[in-house]
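**Student:** predicted coordinates and the sequence they were generated for:
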Amino acid sequence: MKNKIFFKVTGVILFVIAGCAFRLVTYASSAKEITLLYTGDTHAMLYTCSCPVEKDGGIARRATLLKELRKKYPGALVLDSGSFFAGGAKDEYSQNTEADKKRAAINLKAMELMKYDAAAVSVDEFNFGSGYLKEAVDSSSLNFLSANFMAKKVKPYLIKDVSGVKVGIVGVTPPAAGKKAEGEQLLDYKESVAGAVTEARKDNAQIIVLLSQLPDQVNKQLSTDVTGIDVIISGYSGAEGESSEKPSGQTLILKPAWQGRKLGKAILNIKENKITASKIEDIRLSDKISDDPEIAAILPRCFQDSDCKKEGMIGLCQNPGANDSTCLFSEAHKVPVTVITSKDCFTCDTQIITKALTNQIPGFTPTYLYYPDKEAQKLIQDFNIKGLPAYLLGREVEKEKSFNNLKGNMELKGDYYLLKPQVSGMSFFLGRNKTKGSLDVFISLFDPEVKKLLDVLKDFNPKVHLLAISKDDGFDAPKGSIEVEEDLRGVCVQKYYPDKFWDYISCRASKIYSTWWEDCAAGMDEGKIKACARGQEGKELLNANITLNKELEIMLGPTYLMDNQEVFASKGAPSKEELKKILKR
C-alpha cells in the first residue's frame, strides 16, 4: 500500500515537475513584444507648424505624448534617426546662425528631458561645424550614435534590454555630412555598419535597429548587403506625412514624420530573435495634446513673428529666442476675398486654400458665391475664369507684410488679384458639357501603384489617357523613350484589340520594366502591333489619346475627370468603395 501511495505521490510530483518544465519551454519560445517610439528629420522644430491645416507638432506636445505612451508601454525605446539640429537647406524655419544654434540647443535639452534612448549623428548635426557638434556631444546626456563618425562619446552602437529582448541600436552618418564636417574623416558607411552589427550581435543583441538618413534606395540595398539588420528607422523623406513602409525582405523600414508633426510608434512581436509581426502607427501631435510644463518652461515665447499666432491678429515677436521674448498683437486690416465655387461640385474643397490664405493674411475676410448664380457668373465672365474654385482678393492685400511672397501667385485684374489656378488648383472645368456617368483616367504605366489602380478601375470602365506629351516630331514621357514606346504599343493594342486592351496594360503594369512585352500580347498579331507602334499610325493614335491631357493641362496621375467636368486626383490607388462614393455622390 505504501508503495502504491508513494508511487502515486511520486507520479504527481513527476507530473508537476514535467508540467513546470513544459511551461518553461513554452514561455522561452513564445513571442515577446517591444515598442519603438521614433522621430527623425525634425530640424529642431520647437513649435507647431505654420500649416494651412493640421497645425501639428511641437516638442511640448511630443513630451506629453511620450509620457502617456511610456505608461502604456513600459520600457518603450525612444529613438531619433538624425537631423534634429536646426539650420541647413531643409530647415524652413532657419533664420541665422545665432538663432539656429539657440533652437538646436533648446531642442537637444528637450530631447534629454524626454529621455531619448539614442539619436543618430546625421548630416544636419554638422550644420555649425564638427567643433560645435563635439561640444554638444560632450556636454549632453543623450546617446549620440554613428558607426562611421569617430568622436569622443559618439558610440557605433548600444544595447538596450526591452521586455527581455536585447536590442542593438546602430547609427550611421550619411557621406553627405563630409561636406560640412571640416576635414573630419567619415569611414565607409557600409563596412562600418556591417562591423557595428557584428559587434552588437557578439554583445548578445537579438534584434538590430539601424538609425539612418541614407536615401531610401540605399537603405534598402544596405538591408540586403548587411546581414542581420531587422529594422531601419529612416529619416530621408523631406516630405510631410511620410508614413511607414511595409517590410522589404527581412528588414522593416520605418519613416518618421517630417518636422516631428507626428510620433512614430511600432509594436514588434519577437520570436526566436526574429520579427514575426508588426503594428505601425503615426500619431498626430494635434491640438488635442496639451503642452508638457517641463518642456514649455525651457521654450522662449517665440523666435520669429510666425510663432506669434492669434486669429484675426498680426503678431510681432519681441526679443526673438530670448527667455523674455514675447508676442505683441495688433488687429489685422481686413482683406476681402471672394471665393467662387459650385454647390454641385463634389470635389471642390476650398478649405485648404482658405486656411492657407488665413495663415498668410490675418485679416482674411471671405465671401462665398456659388455658380451658376448670376453674381458668380458675372465675375466668371468679367475675369475670364476657366475653372472653380476661384479666389479673388481685394487690393487691400497690397498692404500686407506677406504681399511680396504672395504676388507671384496672383494675377492683377482690375480691382482684384486672381489667385492663379496653378496655385489654387481646379476641380470644376467651366464651359464643358456635362456627360453624366463618364469617367476619364490619366495614368502612367510606370507608376508603382498603377497595377493596383487598374484592378480597382476595371469595373468602372473608364477611358484611359496616357501621360505622354507632344515634343517636336515625337513625344516625351516621365520615364523617357522607354515609356513613349510602351504608350505607342498600348494605343495600337487599343485600336486593333480593344477587348484585350485592359488585360494588356494590366499585364504590362505588373512587369513594366520587362522588355518581353509580347508575353502580355497573347492572341494578338505581334507584327501588326510593332508596325503600328513604329509608324505614323502609332503617332496619330497617341496624339489622339493625349488630346484631352493637353486641353486640361494634366501632367500628373492618377488624375480623374468625372462627368466631363469635375477633376480630382488620388495619391496611389483608392479603394473601390472610396471611388464609388465619389462617383455616386
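**Tutor:** Noted; the coordinates are in hand. Numbers count the residues shown, from 1 in each chain.

**Student:** now the element after the helix or strand of the chain with the lowest mean pLDDT, going C-ward?
**Tutor:** Across the helices and strands of the chain, mean pLDDT, DSSP states H and E gives its lowest value to helix 2-29, namely a mean of 35. Following helix 2-29 in sequence order, the next helix or strand is strand 32-39 (DSSP states H and E).

**Student:** residues in contact with Gly474?
**Tutor:** Val484, Lys539 (Cβ atoms under 8 Å, 6 or more residues apart in numbering). Yep, even glycine has a C-beta here, placed from its N, CA and C like the rest.

**Student:** just list whatever residues bridge to it.
**Tutor:** Beta-bridge partners recorded for Gly474 (DSSP bridges): Lys471.

**Student:** do you know how far it is from Tyr496?
**Tutor:** Gly474 sits at a distance of 22 Å from Tyr496 (criterion: Cβ to Cβ, to the nearest Å).

**Student:** how far does stretch 170-186 stretch from start to finish?
**Tutor:** 16 Å (Cα to Cα, to the nearest Å).

**Student:** list the buried residues of it.
**Tutor:** Neighbour-count burial for stretch 170-186 flags Val170, Gly171, Val172, Thr173, Pro174, Ala177, Gly178, Lys180, Ala181, Glu184, Leu186 (criterion: 16 or more other Cβ atoms under 10 Å).

**Student:** likewise for stretch 80-94?
**Tutor:** Asp80, Ser81, Gly82, Ser83, Phe84, Phe85, Ala86, Gly87, Gly88, Asp91, Tyr93, Ser94.

**Student:** hang on, the fifth one packs against Leu108?
**Tutor:** Yes - with contacts counted by Cβ atoms under 8 Å, Phe84 reaches Leu108, the gap being 7.4 Å.

**Student:** can you redo the buried residues of stretch 170-186 as JSON lines with distance to Tyr391?
**Tutor:** Shown next, in JSON lines, are the buried residues of stretch 170-186 (distance: Cβ to Cβ, whole Å):
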{"residue": "Val170", "distance to Tyr391": "50"}
{"residue": "Gly171", "distance to Tyr391": "47"}
{"residue": "Val172", "distance to Tyr391": "46"}
{"residue": "Thr173", "distance to Tyr391": "45"}
{"residue": "Pro174", "distance to Tyr391": "41"}
{"residue": "Ala177", "distance to Tyr391": "43"}
{"residue": "Gly178", "distance to Tyr391": "46"}
{"residue": "Lys180", "distance to Tyr391": "42"}
{"residue": "Ala181", "distance to Tyr391": "47"}
{"residue": "Glu184", "distance to Tyr391": "50"}
{"residue": "Leu186", "distance to Tyr391": "49"}
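
**Student:** out of those, which comes closest to Leu579?
**Tutor:** Among the buried residues of stretch 170-186, Pro174 lies closest to Leu579 (Cβ to Cβ), at 40.0 Å.

**Student:** OK, contacts around the closest one?
**Tutor:** The neighbourhood of Pro174, defined by Cβ under 8 Å, 6+ apart, consists of Ser122, Val123, Tyr189, Ser212, Gln213, Leu214.

**Student:** among these, name the ones in helices.
**Tutor:** Of those, the ones assigned to helices by DSSP state H are Tyr189.

**Student:** just the contacts of Pro174: which are in strands?
**Tutor:** Ser212 (DSSP state E).

**Student:** tell me how far Gly408 lies from Leu285.
**Tutor:** For Gly408, the distance to Leu285 - Cβ to Cβ - is 32 Å.

**Student:** the more surrounded of those two?
**Tutor:** Leu285 (26 against 9; other Cβ atoms under 10 Å).

**Student:** in stretch 297-304, which residues are buried?
**Tutor:** Counting neighbours by 16+ other Cβ under 10 Å, stretch 297-304 gives Ile298, Leu299, Pro300, Arg301, Cys302, Phe303, Gln304 as buried.

**Student:** so what's His333 closest to, chain neighbours aside?
**Tutor:** Closest residue in space to His333, ignoring its immediate chain neighbours: Gly363 at 4.8 Å, by Cβ to Cβ, 6 or more residues apart in numbering.

**Student:** for burial, what's the neighbour tally of that neighbour?
**Tutor:** Counted with other Cβ under 10 Å, Gly363 comes out at 19.

**Student:** you'd agree it is up against Gly312?
**Tutor:** Yes - applying Cβ under 8 Å, one finds Gly363 in contact with Gly312, separated by 6.9 Å.

**Student:** before we move on, the earlier item: just the ones in strands from the buried residues of stretch 80-94, please.
**Tutor:** Counted as lying in strands by DSSP E, out of those, are Asp80.

**Student:** follow-up on the earlier one: common neighbours of Gly363 and Gly312, please.
**Tutor:** Joint contacts of Gly363 and Gly312 (Cβ under 8 Å, 6+ apart) are Ala332.

**Student:** contacts for stretch 507-518?
**Tutor:** Applying Cβ under 8 Å, 6+ apart, the contact partners of stretch 507-518 are Leu445, Phe446, Val450, Lys451, Leu454, Glu486, Arg489, Gly490, Asp519, Cys520, Glu526.
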